[in-house]
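Peer 1: Okay, predicted coordinates and the sequence, questions at the end:
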Amino acid sequence: KGVLVPHQGLCNVSEAQIRLFHLTPQDNILQFASFSFDAATFEIVMALRVGATLCLGTTTELSPG
């Protein structure tokens, strides 16, 4: 199912996450949430806004057990 995420809400959440986690362009951010899950949008935008590296892993790498 699709989830509507307003642009301003997305901006507000990503800005709060950047401040909370003290992110810089030198950071690596793990894309943990599945792309089909709306939380993935927040991880992606957070990395893009701060200029950090977004790291993608396989299902096996993310859930080794």
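Peer 2: That came in fine, so what should we check first?
Peer 1: Residue 54 belongs to a strand?
Peer 2: Yes: counting by DSSP: H, G, I helix; E, B strand; the rest coil, residue 54 is located in a strand.
Peer 1: Please enumerate the strands of this structure.
Peer 2: Assigned strands in the chain, in chain order: 28-31, 53-56 (criterion: DSSP state E).
Peer 1: now those as CSV including distance to residue 16?
Peer 2: C-betas here are computed from N, CA, C, even on glycine. Listed next are the strands of the chain as CSV, based on distance: least, CB to CB, whole Å:
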stretch, distance to residue 16
strand 28-31, 15
strand 53-56, 18
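Peer 1: Would you pull up how far stretch 47-62 lies from the middle of the chain?
Peer 2: Between the centre of stretch 47-62 and the centre of its host chain there is 7 Å, according to CA atoms, centre = their mean, to the nearest Å.
Peer 1: quick one: contacts for the most centrally placed residue in the chain?
Peer 2: When the chain is reduced to its mean C-alpha position, the closest residue under CA atoms, centre = their mean turns out to be residue 43, at 0.5 Å. For residue 43, the contacting residues are 29-33, 54, taking CB atoms under 8 Å, 6 or more residues apart in numbering as the criterion.
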